[in-house]
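Student: Output the structure for:
(chains A and B)
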Number of protein chains: 2
Amino acid sequence: MSSDGLDKLFSPRSIAIIGASQKEGKIGHDVLLNIKEFGYKGRIYPINPKDTEVMGFKAYPSVLDVKEDIDLAVFAIPAPSVIEVIKECGKKGIKAAIVITAGFKETGPEGRKLELELAETARSYGIKVLGPNCLGFIDTASKVNASFAGVSPLTGDIAFFSQSGALCAAILDWAVKENIGFSKFISLGNKADISEITLLKALGDDPDTKVILGYIEDVKDGSEFMRVAKEVTAKKPVIICKSGGTKAGAKAASSHTGSLAGSEVAFDAAFAQTGIIRAATIEDLFDYAVAFSYQKLPQGVNLAIITNAGGPGIIAADAVERSSDAKVAPISKETVDYLRGSLPRGAALNNPVDVMGDADDQRYKTAVDAVLKDPNVNGAIVILTPQSNSRIKETAEVLAGNKREKPIFTSFIGGHLVEKGITVLRDSKIPNYRFPERAISSFNVMVKHKKMLDLPKEGFKTFAVNKDKVKKIIDEAVKSGQKEIPEYTARDIIESYGFRLPKGVLAKDAAEAQSSAEKIGYPVVMKIASPDILHKSDVGGVKVGLKDPREVEAAFNEMVKKAKAAAPNAGILGVLIQEMISGGKEVILGMMKDPQFGPMLMFGLGGIYVEVLKDVSFRIAPILPREASEMIDSIKSVELLKGARGEKPVDIDSIKEGLLRLSQLVVDFPVIKELDINPLNVFPADGKGGCVAIDARISIELEKY
Amino acid sequence: MSSDGLDKLFSPRSIAIIGASQKEGKIGHDVLLNIKEFGYKGRIYPINPKDTEVMGFKAYPSVLDVKEDIDLAVFAIPAPSVIEVIKECGKKGIKAAIVITAGFKETGPEGRKLELELAETARSYGIKVLGPNCLGFIDTASKVNASFAGVSPLTGDIAFFSQSGALCAAILDWAVKENIGFSKFISLGNKADISEITLLKALGDDPDTKVILGYIEDVKDGSEFMRVAKEVTAKKPVIICKSGGTKAGAKAASSHTGSLAGSEVAFDAAFAQTGIIRAATIEDLFDYAVAFSYQKLPQGVNLAIITNAGGPGIIAADAVERSSDAKVAPISKETVDYLRGSLPRGAALNNPVDVMGDADDQRYKTAVDAVLKDPNVNGAIVILTPQSNSRIKETAEVLAGNKREKPIFTSFIGGHLVEKGITVLRDSKIPNYRFPERAISSFNVMVKHKKMLDLPKEGFKTFAVNKDKVKKIIDEAVKSGQKEIPEYTARDIIESYGFRLPKGVLAKDAAEAQSSAEKIGYPVVMKIASPDILHKSDVGGVKVGLKDPREVEAAFNEMVKKAKAAAPNAGILGVLIQEMISGGKEVILGMMKDPQFGPMLMFGLGGIYVEVLKDVSFRIAPILPREASEMIDSIKSVELLKGARGEKPVDIDSIKEGLLRLSQLVVDFPVIKELDINPLNVFPADGKGGCVAIDARISIELEKY
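Tutor: Next up is the predicted model:
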């Protein structure tokens, strides 16, 4: 594992403990003790100017006094001394450091300054730093426990990283009791240097890690995060619990890590686009982790339910039906016939298969083997309630007995009576859940993950556009300090990226207006053209449905008069004469900047659907063609585009193309802060189809994103 | 406790065990053993023709051979013998029986017949029967364990009943491990006699029960269930997990108990209307139960979060924000000032209050006491992650120490390190949850329950209506075997219940049509009137916007001609001339029969809102005025009625009145099977307001509901 130079952190041949101490209660004591007792085989150097020996190891005043090479330095000294010692580490040629020490960014502006200095110093020496303000790092493969955790983890193939050190400590303790093992266990701390991105990448390459879990409150660089996450989720499941999303949560987050919480829709979009599985709770995180760690991926959506009790079988079937992706397996006639001949009368043979209350281990075996052999079945949950004839431990052994190609989950419901069975299941890596619903959610996310892996590979699509023209327009706007681009300029921008606009001509006087209208064809729309008037309607600057030259002349004169009266200092360029578009369905394409993920596209139906029902979808740009389709398909009112209630379906492909062109535009010009094409009129697919952008609003960030 | 004669079941002075056996493995053995070992103080009579003594008790061949009175008989004999012995019990004057025996309804038509006979026989002797096909009954107050469960429950104030016997056994086992105690534990079995309704009522009156929990798959009588549930939820919380709702679930349900699963919307409506708390999972059921059992009800919505770690604090705050009713408490300035003086620098003083990683028990005490004293705070969750300075057991003791008026929850996160603390919490009845989210959901349902209790008492509202006229119309329809009531008759029905209709006159010829149109005022709508033509539009039988006598005459002739051509045998009464209503917003009021709960009202906005977006709400009739308002307020598109996007708000009160009148109609006439008033045009509130029913469809059940 060598990605991003984390090999010295993950597999150090020698470790210096800065601030190692003989004194119990000191972090420098606990860290050294953990390193020693966890079975680390490399060289250990306590660094402590006051002692010559700590815990049986020769101690050194400074890393510079150690003759041999040191791979990793663990800091457990007060914050003010850290920078000085980082410099010594640099001089010594140490390439990795864990700064457990607190007292940095989380304490306020002073600490933030100190943290920046720490990061810069380390960078100048090429030292990778985990922390500061963290619990430390544990690697069960290389037997490094460079943390002050009171509990050591069991070995397993789940990697866990967390932005909350306290949560690390609690989970470590909890996981031992639940018998969940880890490959690596990492407390991120303040992320001065090593972030979730660096770790994701390294863990994606780590042969000891099968499943990656994370608890985060923000991400450092949204685009990079997405780029790396996409690569990693193709290799192994990444499950993340992200908090700090809601208003109160974000408030707590900012007082905790001083981080800017991204909006929840952006995270949801980013996770969906990268294939990260989002866990709503910490409990879900580990429910899912165990399923992925212990079992094979299902090759399809169909789950079989085998139970010795009706009630829990119904509960499980309900949960499958409610799930987003899993289905109750339609057991084949052959299997049903076989079961009819093998199970006693009274057993329910369709899914859920009820082997009845008096089922022993062999009856379970018969049913489970038959059902899993069925090609219509992609996985099974086995439910057991303790009843007088139940052979609980034996049933667990039967399930554990043979290797299976399809995933299997259990819910042995009960307390002391089922304990021995659960121990057998656990030891043979069959994930058992207290109640069936949790098993079902876990199967469901596995199905989701499998679907993601099966998506056809697809590249970004780019269109031939007039980028130079847009660059010129925007450069000019930036130069003149315009935050809001005037409508007629916004029109130019989106037209340059291939959007069809209503025909339009700028007319300087009434006569020009009339001849333009004649050329465009009546009726026309007229809009006052002024860079200084943003809300044209407010000054009577918009008129629609003008039917003849007389109306156009009157409108021109009235409009200019009213505009001058309302805004005496406004520069008026004339009046825009526009083709009047009617028919089609109105949709909105939009973009706003998310502080963590950058340009986020929005799609929805116009009017009440966006404003009242908030029926919209989001994706982070750039988007794939598939993602453009998803944006359209994932709104509830999509049926209205597909031709609900006997209406004609509209040209959805043209909306999709519009979204892709918009994506290209906002990625090409990060200076664009917000953009609305509202409405975009989409026409019936059986006519000429296509769509026309009636109105556009663009604002830019002068500070440049 | 004497409601419905369950006192002999719940507190028997003597018990006969029919089929008591010396032989291990027999249910008759296990039941007697449980009764004996659980500490029952009354008289025990094993009934067994083959033995003279069982387990040290004198045995009798029949209950008729026992001289003393017997209060309760527990059946553990094969199904075919049950009826005979029930008769003997009747003769002996026994008034309560628990039939554990299986082999009834659940086995098919034969068993169903046997079960009916059992129910009838018992009823004829006045015997209340629990079961058949159940695990039995346990009462921790009267020390009766008349079950064959392998585990005995702890004593507590939670009553639990379940339609699944196997789930009973599993939960019993699980609850002991979780230290959850019960007042009564009841396996309902097939509900031949005693149903969830009887039990709800009895448990509502039971002084030993503080919280009622249930697992059900259906209800026996929806209206009676709702009537009783309303009474009981006013006295104590009722929490129910209902399964068998989804398609697959319902399939499983019908093969399990042969019960007809009610649709989920009906259950959701019934639970909302009666104040029952619906638990989505069995785990939720007990999470909530423990909160209600251990803690006082919060007097408001505001929850304080006290934590020694940022991450879990954020997780908790997020969960509160996401909850339906709870809020993150706005801690008062006074409390914040006090905390600033009492907690070390660096502590977060606003909610979540972060007492920091090195907090000991006393620091927790300071924070918790201060926060709970704050009038802005209605409850608190205390989060602890094990850290090196944590005094876990002592912190638990501090929390347990003083009596509080406000509910308190904990989440001591971890495994072995927090175990001793959790034991202290458990013993002092502070509900502890593995992770904060579960505590928050529990607080949230307590808030919901409190809000329900605080609702002002309200009676049903009835209007003066012409019930006799409707009765006559419907009697006639039933007599003539009409399932679909023709539109002009449906109009009469709803007009009799106070709905305003467009003015309308039935015209027999073209001249009459013209004079009627004159009176009504142009433009008019014309509709063919025939009891034999249901889909008028299909035969060209509807025309709108007719502007003058000429158009009316032409339309009349054409319409009649087309109708005759399309349906030569149809009786044509003429053409309905109607006022043309325009303006206002279109809504739909509807009713459909739910098989378990009867008439269920529906409300939504017309057109796409119902058909495409499925944005509708349901309530079981009769509804209270408050419930009519809830129906309107709970759809997403309600903003469109309230005047979104600069439109005028419509007369919502008139919709509410419409729903109440509809409720009255469908309750007065249970024979109505389905009813749609679609559209009901509602006018702006600032004009004359009101609403007009444009079209109505009514169908009836000839078999009479």
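Student: Let me know whether stretch A:127-142 sits next to chain B.
Tutor: No. Using C-beta under 8 Å from any C-beta of the partner chain, stretch A:127-142 stays clear of chain B, coming no nearer than 9.2 Å. Glycine gets a C-beta too; all of them are placed from N, C-alpha and C.
Student: Mean confidence (pLDDT) on that stretch, please.
Tutor: Over the span of stretch A:127-142, the pLDDT mean works out to 96.
Student: Now for the residue of the stretch 451-600 of chain A found nearest chain B, how many residues are close by?
Tutor: Using C-beta to the nearest C-beta, the single residue of the stretch 451-600 of chain A nearest to chain B is A:Lys585, 11.6 Å away. Using other C-beta atoms under 10 Å in any protein chain shown, A:Lys585 has 22 other residues around it.
Student: Specify the beta-bridge partners of it.
Tutor: On the basis of DSSP bridges, A:Lys585 is bridged to A:Val682.
Student: was I right about it contacting A:Leu640?
Tutor: Yes. Here A:Lys585 reaches A:Leu640: they are 6.7 Å apart, a contact under C-beta atoms under 8 Å.
Student: Please enumerate the shared neighbours of these two.
Tutor: Common contacts of A:Lys585 and A:Leu640 (C-beta atoms under 8 Å, 6 or more residues apart in numbering or on different chains): A:Leu605.
Student: List, one by one, the residues from the stretch 401-550 of chain A near chain B.
Tutor: A:413-418, A:434-435, A:437-438.
Student: Tell me which of the residues you listed fall in helices.
Tutor: When these are checked against helices (DSSP state H), the matches are A:416-418, A:437-438.
Student: ok, of those residues, which come out buried?
Tutor: Among those, those scoring as buried are A:417-418, A:437-438 (criterion: 16 or more other C-beta atoms under 10 Å in any protein chain shown).
Student: tell me which of these is nearest to B:Thr335?
Tutor: A:Arg438 (38.4 Å; C-beta to C-beta).
Student: residues contacting A:Gly541?
Tutor: Counting by C-beta under 8 Å, 6+ apart, A:Gly541 touches A:527-528, A:530, A:533, A:559, A:562-563.
Student: Distance of it relative to A:Glu487?
Tutor: 10 Å (C-beta to C-beta, to the nearest Å).
Student: Need the overlap of contacts for these two.
Tutor: A:Lys527.
Student: related to what we said a few turns ago, dump the residues of the stretch 401-550 of chain A next to chain B to JSON lines, plus distance to A:Met55.
Tutor: Output for these, formatted as JSON lines (distance: C-beta to C-beta, whole Å):
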{"residue": "A:Ile413", "distance to A:Met55": "47"}
{"residue": "A:Gly414", "distance to A:Met55": "46"}
{"residue": "A:Gly415", "distance to A:Met55": "43"}
{"residue": "A:His416", "distance to A:Met55": "42"}
{"residue": "A:Leu417", "distance to A:Met55": "46"}
{"residue": "A:Val418", "distance to A:Met55": "44"}
{"residue": "A:Arg434", "distance to A:Met55": "42"}
{"residue": "A:Phe435", "distance to A:Met55": "46"}
{"residue": "A:Glu437", "distance to A:Met55": "48"}
{"residue": "A:Arg438", "distance to A:Met55": "43"}
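Student: what's the closest of these to A:His449?
Tutor: For these, the nearest to A:His449 is A:Arg438 (16.9 Å; C-beta to C-beta).
Student: Contacts only, for the closest residue to chain B within the stretch 351-500 of chain A.
Tutor: The nearest approach of the stretch 351-500 of chain A to chain B comes at A:Gly415, 3.0 Å away (C-beta to the nearest C-beta). Residues in contact with A:Gly415 (C-beta under 8 Å, 6+ apart) are B:151, B:173-178.
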